[in-house]
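>>> Test case, fold it:
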Amino acid sequence: FLREESLAELVKMLTLASGSPDAYSSLGTLYDESSAVFHLELLMKVVLQNRDRILTIWTPIRDHMYSLLVNAADYCFLVERAIVSLLRLANRLLHREDIAGPVLHSLRILLLIRPPILRKAARHIAYGLHELVHTSAANIHSHEDWYTAQRHHPPA
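Here you go, the predicted model:
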């Protein structure tokens with residue numbers, strides 16, 4: 001069990017380690033996609049294990065996912081895992097009333113992905129959204145939240 005400050009520092013370190021190639025070059029270090037994916041998966045594990053304190057770490061997690069997905073130049077394994085991770089987080093966190101709104105709002109990140117990347121990730125996004133609606137439809141209450149859930153129709 002980590003204190004909140006320790007958890008925040010761990011999340012910060014894992015977001016840095018799971019960054020895009022541009023983030024690594026700005027730090028002056030070599031980029032290794034396998035390492036970045038490992039750290040992203042570890043970050044998601046830490047987040048899901050600390051669901052009870054998700055409100056304290058949600059903003060950096062959301063910002064990191066935004067950075068990975070919106071700033072991606074090409075489709076790569078890290079982008080694929082970031083998409084899957086965002087959808088997995090949404091599926092696991094929508095049951096909590098206190099975070100359901102921000103989580104659904106964060107899915108709008110998927111609408112900002114560049115079209116060539118979106119086409120390559122369409123299967124993952126469609127499956128993730130299908131699971132989301134199938135398992136969590138009862139937790140989507142407002143018109144705006146349903147609009148978000150329905151807007152994700154990636155081009156085939």
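
>>> Could you use CA atoms for every contact and neighbour count after this?
Noted.

>>> give me the low-pLDDT residue ranges for the chain?
Regions of the chain meeting the criterion pLDDT under 70 cover residues 137-156.

>>> what's the helix or strand for the most centrally placed residue in it?
Geometric centre of the chain, nearest residue: Leu86, 2.7 Å, by Cα atoms, centre = their mean. Here Leu86 sits within helix 77-93, counting by DSSP states H and E.

>>> gap between that helix and the chain center?
Relative to its parent chain, helix 77-93 has a centroid offset of 5 Å by Cα atoms, centre = their mean, to the nearest Å.

>>> who's in contact with that helix?
The contact list for helix 77-93 (Cα atoms under 8 Å, 6 or more residues apart in numbering) reads 20, 33, 36-37, 40-41, 44, 48, 51, 65, 68-69, 72, 99-100, 103-104, 107, 110, 121, 124-125, 128-129, 131-132, 135-136.

>>> out of those residues, which are buried?
20, 33, 36-37, 40-41, 44, 48, 51, 65, 68-69, 72, 99-100, 103-104, 107, 110, 121, 124-125, 128-129, 132, 136 (16 or more other Cα atoms under 10 Å).
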